[in-house]
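# next input, structure requested:
(one chain, ligands or ions: 1)
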Amino acid sequence: QKASSSITRFPLIPVRGVPLMNHIANNWDSIWAFRPDPSDLLIATYPKAGTTWTQEIVDLLLHNGDAEACKRAPTPVRSPFLEIFSPPPIPSGLDLLEKMDPPRVIKTHLPFQLVPPGFWENKCKAIYVARNAKDNLVSYYYFDLMNQTQPEPGPFDGYIHKFMQGDLSWGSWYDHVKGYWLEREKRNILYLFYEDMKENPRREVERIMRYLDLSVSDEVISQIVELTSFKNMKENPMANYSCVPSPVFDQSISPFMRKGEVGDWKNHFTPEQSKLFDEDYEKQMKDIDIPFRTLI
Ligand code: A3P
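This next block holds a predicted model:
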């Protein structure tokens, strides 16, 4: 009760130009100073690009497909969220990490330039998952409706403009996907696409397995693909964020496992909104060629 009464839609404060929730901004120095172990794995995404899905795949790969082992705790306990800070008594990501022995699987939404430099100094492995801008936007819009710690999304049309301007929590989608893309070779980052995972989950699970220098049987791969289907994760209480109390994540407004598809943006953008968005996209992405697909 006490925790929920202090939950509010937190204002955003810029950290080196990137809007972050006030509790993150206020604790920035300790986040930036975080020293991972070289064996730790970073899973980085812009919010709503497929983070939870990737965390589940990785946990299953590390446990040779053992479904029960991967139900030992909810996602954010198994794989802490590096920069998250809420008012006490909710533990921060750093609190959880401190109590865990490496190797740890660490989630972040920080753009590349805000990732604590210890990750690169220690040559940690990192998986980045990118999702096409329009579906990412729609997913974030529903998330902001239901997540009572995020700023109010307001009407959808205005939300499109906030997204284009980089005014949402964790900043610009455009800068985010570009930042990791430009560093992927130098930093040995595995850069994945949500659309590829939907199109051929087995291929992408195998790609993650090779990147992690793991080797699991074909049978176990099949099992992991099955356990991480949208339907199964939606029903899995250790993966569907039912662990977060409803005053914080009001899943009656929109479930965390909402739709899980490519192309849902077509049900939300009007043709005019889509045209305007595409014109702006061309400008913002003209300096780079990242092979995004808005349909599969
Ligand atoms: P939608 O809102 O489009 O349904 P994140 O984990 O980064 O917050 O991303 C959440 C998005 O990924 C949501 O998208 C959610 O439904 C989708 N998602 C989660 N698990 C998935 C799975 N196993 N398969 C496909 N999509 C999944």
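# what does stretch 100-107 contact?
In this structure, residues lying in contact with stretch 100-107 by Cβ atoms under 8 Å, 6 or more residues apart in numbering are 36-37, 39-45, 51, 55, 58-59, 62, 76, 78-82, 93, 97. Glycine gets a C-beta too; all of them are placed from N, C-alpha and C.
# for stretch 171-187, same thing?
Stretch 171-187 is contacted by residues 17-20, 44, 46, 111-113, 120, 126, 128, 130, 133, 136-137, 163, 165-166, 170, 189-191, 284-285, 287-288, 290, 292 when judged by Cβ under 8 Å, 6+ apart.
# filter the contacts of stretch 100-107 to the buried ones?
36, 40-45, 51, 55, 58-59, 62, 76, 78-82, 93, 97 (16 or more other Cβ atoms under 10 Å).
# where along the stretch 151-296 of the chain do the strands fall?
189-193 (DSSP state E, counting those that start in this stretch).
# how about the residues of the stretch 101-250 of the chain by the ligand?
Asp135, Ser139, Tyr142, Thr228, Ser229, Phe230, Met233 (Cβ under 6 Å from any ligand atom).
# now, these that are in helices?
Asp135, Ser139, Tyr142, Phe230, Met233 (DSSP state H).
# who wins on neighbours among these?
Per-residue neighbour counts (other Cβ atoms under 10 Å) across those peak at Asp135, which has 26 neighbours.
# contact partners for that one?
The contact partners of Asp135, by Cβ under 8 Å, 6+ apart, come to Tyr194, Glu261, Val262, Gly263, Asp264, Trp265, Thr294.
# again, only this time at 7 Å
Contact analysis of Asp135 by Cβ atoms under 7 Å, 6 or more residues apart in numbering lists Val262, Gly263, Asp264, Trp265.
# dihedrals phi and psi, Leu41?
phi -110, psi 130 (degrees, to the nearest 10).
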